[in-house]
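Asks: Okay, sequence plus prediction incoming.
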Amino acid sequence: MNHLDLLIFARGSALNWALMLCAAGIVLRLFEIFGLGRKPDLARPRTDTPGSGLRTIFTRSLPPQGMLKRDPITYVGGYVFHFGMLMAIFFFAPHIEFFRSMTGLVWPNFPTPLVDASAVAAIVALGVLLAHRLNNPVKRLLSGIGDYVAWAATLLPLLTGYMAYHHLFVEYTLMLALHLFSVELMLVLLPFTKLFHTFSVFISRWYNGDIFGRKGVAS
């Protein structure tokens, strides 16, 4: 199989299987989450409450008071990484064209140099966050194989995409195929690793905020 055949396979059968496995896994995990239900709360709900599910979705996206000074690497690195990755995924012109071909939806792209810089920032932030995890005794103790698998699965699409765009190290067709394979690997792993927080984070924040709001407590 030459490089072009590999690319055709990556853009065809491999992508279709990865998307199907990802979609099936997400549906399964969401079914598991919502299937748990919750015990009925017999207490009368508070009406004068500073908390709510929707409010918590937004407030939990901000660092708690004092934590930005206490652990700036985690919070600043996390914001830089997430912002950079979202820029690379959703505002790079070729990616928008891919989404258009899949869904029919289209939106304006950002200038390529800006997206490129955002991808670099995300890659650097991932490296800094990994070094911080390895050098922090508590975080290192709490980290398991799943954390490092999720980190690698997130880094590879960014790194291979950057290398493909800049024609670095290997022939472009091969690197583009490797980029697609790395994306497909992330799609397959997403429902079954900590990457699933992409979907569950907003569900859990709403859930906690709704419970605390019912009790009259801000969350």
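Replies: Good, I have the coordinates.
Asks: And the helices in this structure?
Replies: Remark: helices assigned in the chain by DSSP state H are 3-11, 13-36, 53-59, 67-70, 72-90, 93-103, 112-135, 137-142, 145-165, 172-189, 197-214.
Asks: Can you spell out which helices and strands pack onto the shortest one?
Replies: Using 3 or more Cβ pairs under 8 Å, 6 or more residues apart in numbering; DSSP states H and E as the contact criterion, the elements in contact with helix 67-70 are helix 72-90. To be clear about C-beta, it is placed using only N, CA and C from the backbone, and glycine gets the same treatment.
Asks: let's see 7 Å
Replies: For helix 67-70, there is no helix or strand it packs on, judged by 3 or more Cβ pairs under 7 Å, 6 or more residues apart in numbering; DSSP states H and E.
Asks: circling back: deepest of the helices of the chain, which one?
Replies: Counting by mean count of other Cβ atoms under 10 Å, helix 172-189 has the highest mean neighbour count of the helices of the chain, with a mean of 20.
Asks: Return the residues in contact with the closest residue to Leu185 other than its chain neighbours.
Replies: Of all residues not flanking Leu185 in the chain, Ala153 sits nearest, at 6.0 Å (Cβ to Cβ, 6 or more residues apart in numbering). Contacts for Ala153 (Cβ atoms under 7 Å, 6 or more residues apart in numbering) come out as 185-186, 189, 195.
Asks: By mean pLDDT, point me to the weakest helix or strand of the protein.
Replies: The helix or strand of the chain with the poorest confidence is helix 53-59; it has a mean of 69 (mean pLDDT, DSSP states H and E).
Asks: still on that earlier bit, mean pLDDT for the helices of the chain: which is lowest?
Replies: In terms of mean pLDDT, the lowest-scoring of those is helix 53-59 (a mean of 69).
Asks: quick one: Pro74 and Pro63, what's the gap?
Replies: Careful, residue 74 is Thr; it's not Pro. 9 Å (Cβ to Cβ, to the nearest Å).
Asks: Distance-wise, check Lys69 relative to Tyr75.
Replies: Lys69 sits 10 Å away from Tyr75 when distances are taken as Cβ to Cβ.
Asks: Phe202 versus the residue nearest to Phe192 when sequence neighbours are not counted, what's the distance?
Replies: The spatially closest residue to Phe192, leaving aside those adjacent along the chain, is Gly25, at 5.9 Å (Cβ to Cβ, 6+ apart). Distance, Gly25 to Phe202, by Cβ to Cβ: 18 Å.
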